[in-house]
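Q: All I have is the shape, not the residue letters:
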């Protein structure tokens, strides 16, 4: 993983201006589809509020719901495992595969396994994992992580995907037709579905009342994997619980409309019991969630249903690309989740925002995302994780602003330099100069003007 | 201490004060008047097809016209007796051209049909078949997912799913392609017992 921060990685992404425009427009197109879908539901705001309240209830009773869920799932014939952190999660999955002598597995989309770096872990143990979501397969073949939690290869142009498929799947060079490439992936992955004994899926929602879990896909890859495999492992963060089955009626109305503008995913599959002869396992993962739950200002981030509406609307995400966030869950929500996992490593992310608030406006469960970004900034500076330059700048600003004579002198000097030697500010050393001309400096400060006109 | 105890203890210590669950019945203002009409419109918009038919006989005729005898058709519907078949291994379904199954009900707002495994023959069947047809009764179309879950709140099943249209993906530059891994086409037959087939013959 790169040691560069968001600004540096975004800089690299911004080198190719036409690609940035294309990326920006593609995601805005998804945001517009979301708006169209949402506007067809008159009770949309009621749904958001209701979902938010259900999630509040979940967070306030999470330990009880977890206990209830496990008891129900066990009664349904499912084996439940608990993982305190990423490593334990990975060991549990590997242990299950080893027990069954399985060294090849199909996997449908699971951001949790990205968070835990399961693929890398299993690769080291000699287990071959095939990601079966088309977008995830593309980035897997490219040796990259997903850049978006719903649209994993949204940063790739079709010509690049054609190139990857040519190299790995043997499609004709130069063929970049999405229809053709999707068909090639269908044939390639069908063979995997039919020959793999183990399938791992993520979980969109888990129902405490019944012990069942719901997996939503458009491609049908989770179902193809799970129903053809002898062993189905479903991995979920502990915050995925909802109290009762009927609450799905609220969340399934919100999820896909917010994500892609579809009224619902093609498949919303409810897994309650293993099929005869099959083993079904659920791995419940904490990995920092119980800590986040204890933070009053930040616990609401656990309400997230991973729709990525905040990604698609974010002016920073759209113009910096998912990889600039150097974390499994990018975008605004990732920027408030990641500092909880590692504040030092992700200290840059809460600053990768204009605080415009668009993320909070589209969030289907009403997470106060931009407020939390703002609050994280304060925590990060107080804990001493702000970049040195930023700390120095803030210290200097404090000194200047608390000494009126220094402030006036500095202002005067600044105006003089901008007026008489504009080259001292119009250069690459001044971050404000990037992408814009500096304005002409006024002859006098507001203070001077006020004094002159006060009479 | 086991990881389970560790997690539960940590969660309990962290969880905020009790918040109540909200009422779930949504406002109904501004809803389309005819759920069946909306269902057909939405289903077609998401790449599916709909036929409103008088009964099983008519469905059989439509399917016979569309699928020649050399194609493998698997049906779990008693009403289409001529197509019944039993399945030992889900992997053997790989060459199924068409699966015809009976759903429970449809949802007008999103074009989805609810089906449980007792009506699937094999869990894999509705996903692995090249084409899928579901049969429901026109009267069994509910307006939204709220009513859908009212219907299945206490239902018993090992596996159940909402299916809305054919398998699809837009992962390559947001270009919609039907037939990602599952069925390339999805047809819903809506049986309307009050309907006359006179015009079709």
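A: Thanks, I have the structure now. Predicted model only: the values in this text are computed from it and were never measured.

Q: got any ranges where chain B has weak pLDDT?
A: Counting by pLDDT under 70, the ranges of chain B that qualify are B:82-85, B:197-201.

Q: Tell me where it has helices.
A: B:3-14, B:35-45, B:56-66, B:125-128, B:145-152 (DSSP state H).

Q: Dump these to JSON lines, plus distance to residue A:394 and mean neighbour count.
A: No exception for glycine: its C-beta is placed from N, CA and C like everyone else's. Formatted as JSON lines, these follow (distance: least, CB to CB, whole Å; neighbours: other CB atoms under 10 Å in any protein chain shown):
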{"stretch": "helix B:3-14", "distance to residue A:394": "31", "mean neighbour count": "17"}
{"stretch": "helix B:35-45", "distance to residue A:394": "53", "mean neighbour count": "19"}
{"stretch": "helix B:56-66", "distance to residue A:394": "70", "mean neighbour count": "16"}
{"stretch": "helix B:125-128", "distance to residue A:394": "56", "mean neighbour count": "28"}
{"stretch": "helix B:145-152", "distance to residue A:394": "49", "mean neighbour count": "20"}
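
Q: Generate a markdown table for the ones you listed, with distance to residue B:116 as supplementary columns.
A: Shown next, in a markdown table, are the helices of chain B (distance: least, CB to CB, whole Å):
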| stretch | distance to residue B:116 |
| --- | --- |
| helix B:3-14 | 31 |
| helix B:35-45 | 19 |
| helix B:56-66 | 20 |
| helix B:125-128 | 11 |
| helix B:145-152 | 8 |
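
Q: so which of those helices comes closest to residue A:241?
A: helix B:3-14 (10.6 Å; CB to CB).

Q: related to what we said a few turns ago, so can I have TSV of the helices of chain B showing distance to chain A?
A: Putting these into TSV (distance: least, CB to the nearest CB, whole Å) gives the following:
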stretch	distance to chain A
helix B:3-14	3
helix B:35-45	6
helix B:56-66	21
helix B:125-128	4
helix B:145-152	4
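
Q: Nearest approach to residue B:165 belongs to which of those?
A: Of all the helices of chain B, helix B:35-45 comes closest under CB to CB, at 6.5 Å.

Q: So which elements touch that closest one?
A: Using 3 or more CB pairs under 8 Å, 6 or more residues apart in numbering or on different chains; DSSP states H and E, the elements in contact with helix B:35-45 are strand B:49-53, strand B:141-142, strand B:185-191.

Q: Deepest-packed of these, please.
A: Mean neighbour count (mean count of other CB atoms under 10 Å in any protein chain shown) peaks for strand B:185-191 among these, with a mean of 24.

Q: just for the stretch 51-200 of chain A, where's the confidence low?
A: Short version for the stretch 51-200 of chain A, where the test is pLDDT under 70: none.

Q: quick one: the helices in it?
A: A:62-75, A:86-99, A:111-115, A:118-124, A:134-142, A:158-169, A:178-195 (DSSP state H, counting those that start in this stretch).

Q: Check whether the first one comes near chain B.
A: Yes: applying CB under 8 Å from any CB of the partner chain, one finds helix A:62-75 in contact with chain B at A:62-63, A:66-67, A:70.

Q: For that helix, which residues meet the burial criterion?
A: In terms of neighbour count (16 or more other CB atoms under 10 Å in any protein chain shown), helix A:62-75 has its buried residues at A:62-70, A:72-73.

Q: Out of those, the closest to chain B would be?
A: residue A:63 (4.2 Å; CB to the nearest CB).

Q: Contacts only, for that closest one.
A: B:8, B:11-12, B:15 (CB atoms under 8 Å, 6 or more residues apart in numbering or on different chains).

Q: Turn those residues into JSON lines, columns for distance to residue A:369.
A: Output for these, formatted as JSON lines (distance: CB to CB, whole Å):
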{"residue": "B:8", "distance to residue A:369": "28"}
{"residue": "B:11", "distance to residue A:369": "23"}
{"residue": "B:12", "distance to residue A:369": "27"}
{"residue": "B:15", "distance to residue A:369": "21"}
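
Q: Does stretch A:323-337 reach chain B?
A: No: judged by CB under 8 Å from any CB, stretch A:323-337 makes no contact with chain B; its nearest approach is 15.5 Å.

Q: Tell me how far that stretch lies from the chain's centre.
A: Centre-to-centre, stretch A:323-337 and its host chain are 5 Å apart (CA atoms, centre = their mean, to the nearest Å).

Q: Let me know the helix or strand that residue A:334 is in.
A: helix A:331-341 (DSSP states H and E).

Q: Show me what that helix is packed up against.
A: Secondary elements touching helix A:331-341 (3+ CB pairs under 8 Å, 6+ apart): helix A:289-293, helix A:309-313, helix A:358-362, helix A:369-382.

Q: Just give the number of residues close to residue A:419.
A: 12 (other CB atoms under 10 Å in any protein chain shown).

Q: now swap in residue A:360 and tell me
A: A count of nearby residues for residue A:360, using other CB under 10 Å, gives 19.

Q: ok, now which ones touch it?
A: A:366-371.

Q: Of the residues you listed, grab the buried ones for PyMOL.
A: Selection of buried members from the contacts of residue A:360 for PyMOL, criterion 16+ other CB under 10 Å:
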select buried, chain A and resi 366+367+368+369+370
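
Q: residues near residue A:214, how many?
A: Residue A:214 - counted by other CB under 10 Å - has 25 other residues nearby.

Q: Oh, that last question was meant for residue A:183, not what I typed.
A: 16.

Q: just to revisit the earlier point, nearest approach to residue A:169 belongs to which of the helices and strands packed on helix B:35-45?
A: strand B:185-191 (24.4 Å).

Q: Not counting the closest one itself, show me its contacts.
A: B:36, B:39-40, B:43, B:47-56, B:59, B:62, B:103, B:106, B:111, B:113, B:131-138, B:141, B:163, B:165-166, B:178-179.

Q: which ones are touching residue A:306?
A: So residue A:306 contacts A:111, A:149-150, A:204, A:329, A:333 (CB under 8 Å, 6+ apart).

Q: Could I get the pLDDT score of it?
A: On the pLDDT scale, residue A:306 is placed at 97.

Q: And it, how close does it get to residue B:104?
A: Applying CB to CB, to the nearest Å, the value for residue A:306 to residue B:104 is 28 Å.

Q: picking up where we left off before, export the helices of the stretch 51-200 of chain A to TSV and append columns for distance to residue B:124.
A: Rendered in TSV, the data for the helices of the stretch 51-200 of chain A read as follows (distance: least, CB to CB, whole Å):
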stretch	distance to residue B:124
helix A:62-75	22
helix A:86-99	21
helix A:111-115	23
helix A:118-124	25
helix A:134-142	19
helix A:158-169	24
helix A:178-195	9
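
Q: Out of the ones you listed, the one nearest residue A:416 is which?
A: helix A:158-169 (50.8 Å).

Q: Report whether that closest one contacts chain B.
A: Yes: using CB under 8 Å from any CB, helix A:158-169 comes into contact with chain B via A:158, A:161.

Q: Would you mind listing the buried residues in that helix?
A: Applying 16+ other CB under 10 Å to helix A:158-169 flags A:158, A:161-166 as buried.

Q: tell me which of those residues is nearest to residue B:74?
A: For these, the nearest to residue B:74 is residue A:165 (31.5 Å; CB to CB).

Q: tell me the contacts of that closest one?
A: A:141, A:171, A:181, A:184-185.

Q: List, out of those, those positioned next to chain B.
A: A:181, A:185.

Q: Neighbour count and distance to residue A:392 for the contacts of residue A:165 - can I get that in CSV?
A: Putting these into CSV (neighbours: other CB atoms under 10 Å in any protein chain shown; distance: CB to CB, whole Å) gives the following:
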residue, neighbour count, distance to residue A:392
A:141, 19, 44
A:171, 22, 53
A:181, 25, 50
A:184, 19, 54
A:185, 28, 50
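
Q: and which of the contacts of residue A:165 is nearest residue A:135?
A: Among the contacts of residue A:165, and counting by CB to CB, the member closest to residue A:135 is residue A:185, at 9.9 Å.

Q: number of nearby residues for the nearest residue to residue A:217 once chain neighbours are set aside?
A: Distances taken as CB to CB, 6 or more residues apart in numbering or on different chains put residue A:267 closest to residue A:217, at 5.3 Å, once the chain neighbours are dropped. Neighbourhood size, residue A:267 [other CB under 10 Å]: 26.
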